[in-house]
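K.L.:
Sequence and computational prediction follow.
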Amino acid sequence: MFIVANWWKLSKQSPLDYKEKILQHSLKNDQLINKLDIYQNKDIEEKFISWLEFSAKPNEQATNINDIDVGFIGELKCDVGDSDKSSQWIYIVHTDIPEDIVGEYNQWYDEEHLPRLVTVPGVNRARRYLCEGQSPKYLTAYSLDEPGAFESPEGLMARKTPWTAKMRSLFFNTRRTMAQKI
């Protein structure tokens, strides 16, 4: 499974409705799209994320579209939680890490971090992607019922481990985005 995730910045003067514009671009792709979701950034209302799932690796990203700030193609590496439950929120963390800790990073995410986080009430699913040849290289998406799930007592406890503290201290070039499905 692969994803194409694009971060869009659409002005209020755009000639097309934002959702229609994203759909027009996304549907030009001649490959089979398994799923298309569109999210609006929680903090910046004119920013959107289009999230397309593919069963095979998609063609290269379109880089000449003025409204796309940044885009990623990622290969699914780990999927934990309920893939059938519909979530209204997505929290995306993308980061780089030092090359010498890649093995430990993958082990931490797959064996401790993601399994602990999907036990938090309101966290339905956690997926980790590798965006080879891109920066940031690692992208994790959490499907949430509400944006405050990680700030609950259970959410804070799930993230409070020595291994988590160590690994997070090594992240760099990190971007975090909370967005609501539209």
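P.N.:
Looks like it came in fine. Residues are numbered from 1 along each chain as shown.
K.L.:
which other residues reach stretch 128-143?
P.N.:
Residues external to stretch 128-143 that are found in contact with it (C-beta atoms under 8 Å, 6 or more residues apart in numbering): 3, 5, 51, 72-79, 81, 85, 87, 89-97, 105, 109-110, 114, 117, 123-127, 150, 173-175. Every C-beta, even on glycine, is put in place using the N, C-alpha and C of the backbone.
K.L.:
what ranges of this protein fall below the confidence cut-off?
P.N.:
Within the chain, the stretches falling below the threshold (pLDDT under 70) are 11-19, 21-34, 59-65.
K.L.:
in it, which spans are helices?
P.N.:
When secondary structure is read from DSSP state H, the chain shows helices at 18-26, 102-107, 114-117, 153-158, 162-169.
K.L.:
and among the ones you listed, the most buried is which?
P.N.:
Mean neighbour count, computed with mean count of other C-beta atoms under 10 Å, is highest for helix 114-117 among these, reaching a mean of 20.
K.L.:
counting contacts, what elements does that helix pack onto?
P.N.:
Taking 3 or more C-beta pairs under 8 Å, 6 or more residues apart in numbering; DSSP states H and E as the contact definition, the neighbouring helices and strands of helix 114-117 are strand 68-81, strand 123-130, helix 153-158.
K.L.:
Figure out which of the ones you listed is closest to residue 167.
P.N.:
Ranking those by their distance to residue 167 (criterion: C-beta to C-beta) puts strand 123-130 first, at 12.6 Å.
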